[in-house]
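In: give me a model of this one.
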Amino acid sequence: MQPTNEHLIKQEAQRLGFLQCGISKAGFLEEEAPRLEKWLNANMHGEMSYMANHFDKRLDPTKLVDGAKSVVTVLINYFPEETQKDSTAPKISKYAYGNDYHHIIKGKLRELVEFITENIGEVEGRAFTDSAPVLDKAWAAKSGLGWRGKNANLIHPKNGSFFFIGELILDLELEPDQPIRDHCGTCTACIDACPTEAIVAPYVVDGSKCISYFTIELKEAIPTEMKGQFDDWAFGCDVCQDVCPWNRFSKPHSEPQFNPHPEMLDMTKRDWEELTEDVFKKVFQKSAVKRTKFTGLKRNIEFLKPN
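Out: Predicted coordinates:
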C-alpha cells in the first residue's frame, strides 16, 4: 500500500529531528479571536506592542499565504541534559542555553518543504517559528500535538512542554489530525508556583507580570515593586514548566546546536555578577540571550542583588 502524503511528511519530520508533527486545515481560528481580543484589551501584553499588530493575520493563515490549505506544525525538543551548576547563580531559561532556535528550526522546515516538493509535488508555502503573526500554540493544539495548559504553554502527554514550535503554511490539501483533550484536571501547580502571580486565572497569563517579560521584553528599568520576586531568574523563567507534573516525561534533546556554551553551566554567582562584555559575546554569541543585549542582562543581574 502506498504511504499517504501525511505519513510521508511526518516520517520526514521525524528524520529531520522534530519531536512531533501534526496537521490542521488552514482557516480562521474562530475560538481564538475573542480570547486574543480580551487579552489585548486587558493590556496583558504590556509594552509588547507587536502583539496587537496584524490581528487578522494572527487568526487567519490564508492572509499570510495565498491559497493556504494546510498548516503543518512541528515540535522540537530543547530540554537539556545538564543545567547550571551553581544553584545560587542568576538563572537562564533553558530555551536560551544553546544556539538561537529561530535559525535552526527555519532551516529544518525549509528542508521539509524541499522534501514535499520532490516527493509530493510543487507547493507554495512559508515557514514560521515565533517570527511572524502566527498563533503557534493554537495551531499545535488544533493539530493534536497537545493541549494548552493552565500556564498557557502547550503540553504533550508524552513529552511535556520543553519544546519549540514551528509551522509550514502550505497550499497543499492534507488530511487534518484531531485535537486531544485537556489533561490538566484539578492541578494548579503552575498557578501556585509562579513567583510574580502572572497566571491570573487558569489558562490566562498576564504577560506584563511575567518574569520573562521583565527580563527580555521590557527595555527600560524594571519596576522597583518587583524587587525580590524574581527567584534569581536573569533571562526568562521556567518555573511554571519546572513544576508541571507532565514534564517528568521530558527527555534530554539530541540536537547538538541546542547544547550550551561549555562555560555557561560552570559560571558561578560571582562570575555572573562580574560579567564583562567580552565574556558575554563569547558565551552568548549564538544564543537567544543576545536579545536583551549585554546592558539588558547586566540590568537584570543587578536587579537580582538584594539592596
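
In: A127 pairs with what?
Out: Beta-bridge partners of A127, counted by DSSP bridges, are L168.

In: surely it touches E167?
Out: Yes. Using C-beta atoms under 8 Å, A127 is in contact with E167, at 7.3 Å. C-beta coordinates here come from the backbone N, C-alpha and C atoms, glycine included.

In: now do the shared contacts for the two.
Out: Common neighbours of A127 and E167, counting by C-beta atoms under 8 Å, 6 or more residues apart in numbering, are L109.

In: the more surrounded of the two?
Out: Taking neighbours as other C-beta atoms under 10 Å, A127 and E167 compare with E167 leading, 28 against 22.

In: not counting sequence-adjacent ones, nearest residue to the more buried one?
Out: F128 (4.7 Å; C-beta to C-beta, 6 or more residues apart in numbering).

In: contacting residues for that neighbour?
Out: L64, V134, D136, G166, E167, L168, I169.

In: ranges for the strands of this structure?
Out: 20-25, 70-77, 91-92, 125-128, 147-148, 154-155, 163-170, 199-201, 204-205, 233-235 (DSSP state E).

In: now stretch 91-109: average pLDDT?
Out: Average pLDDT, stretch 91-109: 94.

In: same check, this time on stretch 291-307
Out: Mean predicted lDDT for stretch 291-307 stands at 94.

In: quick check: the residue nearest to E167 vs L168, distance?
Out: 8 Å (C-beta to C-beta, to the nearest Å).

In: do R299 as well
Out: Counting by C-beta to C-beta - R299 and L168 are separated by 37 Å.

In: repeat for E114
Out: From E114 to L168 the distance is 11 Å (C-beta to C-beta).

In: all helices for the stretch 101-250 of the chain, in order.
Out: Remark: helices assigned in the stretch 101-250 of the chain by DSSP state H, counting those that start in this stretch are 101-119, 136-142, 189-193, 211-212, 239-242.

In: quick one on the thing from earlier: ok, E114 and L168, which is more surrounded?
Out: More crowded of E114 and L168, by other C-beta under 10 Å: L168, with 25 against 11.

In: quick one: low-confidence parts of this structure?
Out: 45-46, 48-52, 54, 131-132 (pLDDT under 70).

In: quick check: the residue of it positioned farthest from its centre vs E122, distance?
Out: Going by C-alpha atoms, centre = their mean, the residue of the chain most distant from its centre is M1, 37.6 Å out. Applying C-beta to C-beta, the value for M1 to E122 is 25 Å.

In: with T4 instead?
Out: Counting by C-beta to C-beta - T4 and E122 are separated by 18 Å.

In: give me the most central residue, this protein.
Out: F164 (4.7 Å).

In: what's the neighbour count on P306?
Out: 5.

In: now it: closest residue in space that isn't a chain neighbour?
Out: G228 (7.5 Å).

In: ok, that neighbour to P34 distance?
Out: Applying C-beta to C-beta to G228 and P34 gives a distance of 36 Å.

In: nearest residue to K25 other than its sequence neighbours?
Out: K25's closest residue in space is P176 (C-beta to C-beta, 6+ apart), at 4.8 Å.

In: repeat that for Q84.
Out: L265 (5.5 Å).

In: that older thread, for the helices of the stretch 101-250 of the chain, which one sits closest to P306?
Out: Proximity to P306 (C-beta to C-beta) singles out helix 211-212 among the helices of the stretch 101-250 of the chain, at 17.0 Å.

In: contacts for the closest one, please.
Out: In contact with helix 211-212 (C-beta under 8 Å, 6+ apart) are residues S93, P195, T196, A198, Q229, F230, D231, W233, G236, C237, V239.

In: ok so, going back, surely the residue nearest to the centre of the chain meets I105?
Out: Yes. Between F164 and I105 there is a contact at 5.9 Å, judged by C-beta under 8 Å.

In: list the residues that contact both of those two?
Out: Common neighbours of F164 and I105 (C-beta under 8 Å, 6+ apart) are I76, T129.

In: counting neighbours, what do you get for the spatially closest residue to N77 that is not a sequence neighbour?
Out: Using C-beta to C-beta, 6+ apart and skipping the chain neighbours, the partner closest in space to N77 is H253 (4.2 Å). Using other C-beta under 10 Å, H253 is surrounded by 22 other residues.

In: quick one: H253 from F280, how far?
Out: For H253, the distance to F280 (C-beta to C-beta) stands at 24 Å.

In: likewise D238?
Out: Using C-beta to C-beta, D238 is found at 21 Å from F280.

In: re earlier: could you identify the most distant pair in the contacts of helix 211-212?
Out: Greatest spatial distance in the contacts of helix 211-212: S93 and Q229, 16.4 Å, computed using C-beta to C-beta.

In: who's more crowded, these two?
Out: Higher neighbour count among S93 and Q229: S93, with 21 against 14, using other C-beta under 10 Å.
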